[in-house]
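>>> build me a structure from this.
(2 chains)
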Amino acid sequence: EAGVAQSPRYKIIEKRQSVAFWCNPISGHATLYWYQQILGQGPKLLIQFQNNGVVDDSQLPKDRFSAERLKGVDSTLKIQPAKLEDSAVYLCASSFTPQSAAELNEKLFFGSGTQLSVL
Amino acid sequence: AQTVTQSQPEMSVQEAETVTLSCTYDTSENNYYLFWYKQPPSRQMILVIRQEAYKQQNATENRFSVNFQKAAKSFSLKISDSQLGDTAMYFCAFMNRDDKIIFGKGTRLHILP
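Down below sits the predicted model:
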């Protein structure tokens, strides 16, 4: 089974530039998450999608961050313009709603993340 | 609002010893999931163990076990016979019925040879 795919793996930009990250969740997973993980901290939820609808974006800095999940599959996260404090790892994860207890073996799957450095 | 607290920023233990990582959480919900994730320097989040809140029995996965105290909202992870490969960041996480997942700030665990 293919995992959650993210690209790029690394990105270095200067402040005030724009950047976009891409995530392809596991096939059939309805829920997709974007997390921001600053060095030495736990992941912070930026946005949660259920299919192509937004469930929670309360912690997304909407003046500079945007995300979309067209057709309820792939998702992109954009930052425009970037600030120094946006330097972090951006993790994408997906999950499904298990139909039975037997499917609960592993509910949430993570990608390898995109490490963003803003100079 | 739900919160997850890990009170130990960093811990070190000798190889083969047992170590316990603590986690407390706050929620008004009755049905939820709790997880422990391991994150090595590769940044990959690796599921260590999972607990459903409706189950009273503590989850166990080989050398990893949890002490789930629902009334106290406590979910600690015990690693037995610790190995050098256990060195990593460990995150406690809470998932509610809307599939919203909240992470603690993590505990950096060092296994010393």
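
>>> is residue A:32 in a bridge, and if so with what?
Listed by DSSP bridges, the beta-bridge partners for residue A:32 are residue A:49, residue A:94.

>>> what is the burial count for it?
A count of neighbours around residue A:32, defined by other C-beta atoms under 10 Å in any protein chain shown, yields 27. All C-beta atoms are positioned from the backbone trio N, CA, C, and that covers glycine.

>>> residue contacts, it?
Applying C-beta atoms under 8 Å, 6 or more residues apart in numbering or on different chains, one finds that residue A:32 lies in contact with A:23, A:25, A:48-49, A:69, A:75, A:92-94.

>>> what's the separation between residue B:30 and chain A?
17 Å (C-beta to the nearest C-beta, to the nearest Å).

>>> thinking again about what came up before, out of the contacts of residue A:32, who has the most neighbours?
The most neighbours of any of these, using other C-beta under 10 Å, belong to residue A:25, which has 28 neighbours.

>>> and that one, what pLDDT?
What the model reports for residue A:25 is a pLDDT of 94.

>>> which strand or helix spans the residue nearest the centre of chain A?
Among the residues of chain A, the one closest to the centroid is residue A:34, at 2.5 Å (C-alpha atoms, centre = their mean). Following DSSP states H and E, the helix or strand that holds residue A:34 is strand A:31-37.

>>> determine how far that strand lies from the middle of the whole chain.
For strand A:31-37, the gap between its own C-alpha mean and the chain's C-alpha mean amounts to 4 Å (C-alpha atoms, centre = their mean, to the nearest Å).

>>> what about the helices in the chain?
You didn't say which chain, so I picked chain A. Counting by DSSP state H, chain A forms no helices at all.

>>> hmm, no, I was thinking of chain B.
With DSSP H as the criterion, chain B has no helices whatsoever.

>>> any idea how far residue B:27 is from the nearest residue to the residue nearest to the centre of chain A once chain neighbours are set aside?
Using C-beta to C-beta, 6 or more residues apart in numbering or on different chains and skipping residues adjacent in sequence, the residue nearest residue A:34 is residue A:46, 4.5 Å away. From residue A:46 over to residue B:27 the distance is 21 Å, taken as C-beta to C-beta, to the nearest Å.

>>> compare the two (neighbour count), which wins?
residue A:46 (20 against 16).

>>> kindly state the pLDDT recorded for residue 100?
No chain was given, so I picked chain A. Predicted confidence (pLDDT) for residue A:100: 54.

>>> try chain B instead
Here the pLDDT value assigned to residue B:100 is 83.
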